[in-house]
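Colleague: Build the 3D model from these lines:
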Amino acid sequence: MRYDLDFKIKVIAYYKQGHSGHATSEKFSVNPRFVSKWVEQYQHGGIDAIKPKVDRTKYSSDFKYKVLAVMLSEGLSQSETALRFTISSPALISHWHNAYRHYGMSGLTSKYKGSNPMTSPITDKPDEDKTLAELKRENEYLRAENAYLKKLDALLRAEEQADKKQGSSKD
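Modeller: Numbers count the residues shown, from 1 in each chain. Sure, this is the predicted structure:
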């Protein structure tokens with residue numbers, strides 16, 4: 001569940017009046033971890049740190065690497081690192097760390113997510129008007145299409161032969 005800014009401010013204000021984290025969480029019916037997280041975020045970064053994120057922030061691979069380098073060199077926890085760099089979720093840092101350990105810097109680059117439509121890179125332009133990159137992309141596409149059709153043809157022939165063998169044994 002997402003909590004709006006006004007709600008978080010009320011929770012923090014109640015806590016700052018001297019109530020314990022447990023009492024605050026019971027009063028507002030929220031997880032005690034949320035209370036401590038919001039209070040820490042507010043103390044470290046003010047109102048901006050507790051604002052709900054409207055859109056997903058995209059981080060560059062250089063920024064991710066910097067975050068990991070600071071965390072490891074200074075021995076910070078993921079939560080402390082998230083607070084220092086104003087990252088909403090410490091779990092995100094854990095994900096980056098695992099990706100970096102397994103794949104190096106390439107693990108920190110953002111991958112395109114979403115549908116990847118199967119559109120042909122072949123354009124209606126005459127070949128003379130196409131750039132070298134367009135011609136290379138078209139050539140790569142045509143090679144892949146040719147290989148696919150060859151495999152499909154081989155599969156169909158194999159099925160036909162299998163059907164003929166089954167048909168002759170039934171006689």
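Colleague: can you tell me which helix in this structure is longest?
Modeller: helix 132-170 (DSSP state H).
Colleague: Show the average pLDDT along that one.
Modeller: For helix 132-170, mean pLDDT is 82.
Colleague: Show me what that helix is packed against.
Modeller: Applying 3 or more C-beta pairs under 8 Å, 6 or more residues apart in numbering; DSSP states H and E, one finds that helix 132-170 contacts no other helix or strand. (Each C-beta comes from the backbone N, C-alpha and C, glycine too.)
Colleague: which of the residues in that helix are buried?
Modeller: Using 16 or more other C-beta atoms under 10 Å as the test for burial, helix 132-170 gives 137, 138.
Colleague: repeat for stretch 24-40
Modeller: 24, 25, 28, 30, 34, 35, 37, 38, 39, 40.
Colleague: residues in contact with the third one?
Modeller: Same thing as residue 28. Each residue near residue 28 by C-beta atoms under 8 Å, 6 or more residues apart in numbering is listed here: 7, 10, 11, 14, 35.
Colleague: cutoff 10 Å now
Modeller: Listed by C-beta atoms under 10 Å, 6 or more residues apart in numbering, the contact set of residue 28 reads 3, 7, 8, 10, 11, 14, 15, 34, 35.
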